[in-house]
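Peer 1: Everything below, folded, please.
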Amino acid sequence: MVDQPRGTSTNTHLLAVDLLRGAAIVMVVVYHSFGPVYGYYVPWKGWFRNFAAAPNLPLIAFYPISIGWTGVALFFVLSGFCIHWSFLRSPNFSNPRFFWRRFWRLVPAYYAALIAFSILVRLPLDTLDGIKQIVVHALFIHNFQESTFFEINPSFWSIATEVQLYLLFPMLLLIRRQGGMQACLLFTFSVGALWRILAVVVWGLPDHLITAGFCSPLMTWFDWTLGAYVAECLNQSKVGFAHRRLWLMIVIPLFVLSTLYKPLTTVSFSLAAVISAVILDWSVWTRVPKNALSGIVSFIGTVSYSAYLWHQPLLFQLSSDLNHYMNGPALIASVGILIFALAVLSFGVLERGGILAGKVLLQHGRNRRQ
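Peer 2: Numbering: from 1, shown residues only. I've put the predicted structure just below:
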């Protein structure tokens, strides 16, 4: 039932967004839990998936889990929505203030995870390569090269891409000022299309989508902008996607086809983002029931950033350590519980601590200027 946006409090927080965040992090964690046990994807044979060569039966039986990486596409859409929604609801928006808040929201927890995992993987800081790894990760530019893209913590690639998309946000606002949000979508879509052509020419069709060339911020800028578009429409009290069921009926089959037919893999991520944007647009205009389940999923969404930061290397380590005592679904469930317990601790100490530190330092600076 279409209604006014529900779950909105005085700080313009939307319950639907946290529910989708919760769904996104569960998708990603299950995908990364499933992969080490059963395999991440069915191999290619020519331009098609070769299910006959799948490493085991569960990978075929639970094939949808192998596309759990779509949770990252959902995160990008949600990020674009939240950043633009915050801009729209802020009467005193400024670029310095925006970047200051983003820094203290993201960086302290990220640096803590970076240091911890550098120790866990025994990063050789007495070598040039080790120093390079830590420097490019600290500067959020490790996603530009394959040699650093998946190092230390493979999930960190999307954090770097997010930071780069934040840096592009002022440019997006400039385009919006000149031509509106439709111009932003057209511009970022065109940039992504040109980058795809260049990427295929330079690197060829990828065996798996998550690579440095095919996860560039220029490739994912359109996906992020879709979320901003939904926020813009919501702020104007109108839906972003009319005939949402029709959108899903068209785009979902195209997405599934893109995961099975190699020439279409370069658009898989963006198709997943379109599906995510339609669902987001639907969710923020739908009455969200407040019950125990929505409360749990919303809480998981609240700690999703910390869960994303810490989960993947620990999944590998804990899966290896606990494999002697349990296996299969029990192993995946146990590791998942441990990861989310750590996420709650990280959120309470590192994320909220970073936000508080940023506010205190900002107020201190204001007091000194007065």
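
Peer 1: I figured L254 was touching L271, is that so?
Peer 2: Yes. Applying Cβ atoms under 8 Å as the test, L254 and L271 come out as touching, 5.7 Å apart. Every residue, glycine included, has its C-beta placed from N, CA and C.

Peer 1: quick one: which of those two has more around it?
Peer 2: Set side by side, L254 and L271 show unequal neighbour counts under other Cβ atoms under 10 Å, the larger going to L271 at 22 against 14.

Peer 1: And the contacts of stretch 174-187?
Peer 2: Outside stretch 174-187, the residues within contact range by Cβ atoms under 8 Å, 6 or more residues apart in numbering are 172, 222, 225-226, 228-229, 232-233.

Peer 1: ok, now with 7 Å
Peer 2: Contacts made with stretch 174-187 from outside it, assessed by Cβ atoms under 7 Å, 6 or more residues apart in numbering, are listed as 172, 225, 228-229, 232.

Peer 1: Ok, stretch 127-140 next?
Peer 2: Contacts of stretch 127-140 from elsewhere in the structure, counted by Cβ under 7 Å, 6+ apart, are 114, 118, 123-125, 142, 148, 151-152, 156, 160, 163-164.

Peer 1: can we see that at 10 Å?
Peer 2: Outside stretch 127-140, the residues within contact range by Cβ atoms under 10 Å, 6 or more residues apart in numbering are 106-107, 110-111, 114-115, 117-118, 121-125, 141-145, 147-149, 151-153, 156, 159-164, 166-167.

Peer 1: With stretch 343-357 instead?
Peer 2: Surrounding stretch 343-357, the residues in contact under the criterion Cβ under 10 Å, 6+ apart are 25, 29, 101, 103-113, 299-300, 302-311.

Peer 1: Please apply the same query to stretch 110-121.
Peer 2: Identification of contacts with stretch 110-121 by Cβ under 10 Å, 6+ apart yields 107, 123-125, 130, 133-134, 137-138, 140, 142, 151-153, 155-156, 159-160, 163, 305-306, 308-314, 316-317, 346, 349-351, 353-354.

Peer 1: Repeat the analysis, applying 6 Å as the threshold.
Peer 2: If you take Cβ atoms under 6 Å, 6 or more residues apart in numbering as the criterion, stretch 110-121 is touched by 137, 152-153, 309-310, 313, 350.

Peer 1: export those to CSV and tack on secondary structure?
Peer 2: Conversion of the contacts of stretch 110-121 to CSV gives the following (DSSP: H, G, I helix; E, B strand; the rest coil):
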residue, secondary structure
H137, helix
I152, coil
N153, coil
L309, helix
W310, helix
P313, helix
L350, helix
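
Peer 1: how far away is V256 from L264?
Peer 2: 10 Å (Cβ to Cβ, to the nearest Å).

Peer 1: same thing with L356?
Peer 2: Between L356 and L264 the computed distance is 46 Å (Cβ to Cβ).

Peer 1: Out of those two, name the residue with the larger neighbour count.
Peer 2: When L356 and L264 are compared on other Cβ under 10 Å, the one with more neighbours turns out to be L264, at 16 against 11.

Peer 1: Not counting residues beside it along the chain, what's closest to the more buried one?
Peer 2: Excluding the flanking residues, the one nearest L264 by Cβ to Cβ, 6 or more residues apart in numbering is S258, at 3.8 Å.

Peer 1: Check the gap between that neighbour and L88 for me.
Peer 2: Distance from S258 to L88, counting by Cβ to Cβ: 32 Å.

Peer 1: Contact partners for L254?
Peer 2: Shown here is L254, whose contacts under the criterion Cβ under 6 Å, 6+ apart are L271.

Peer 1: I appreciate the help and will end here.
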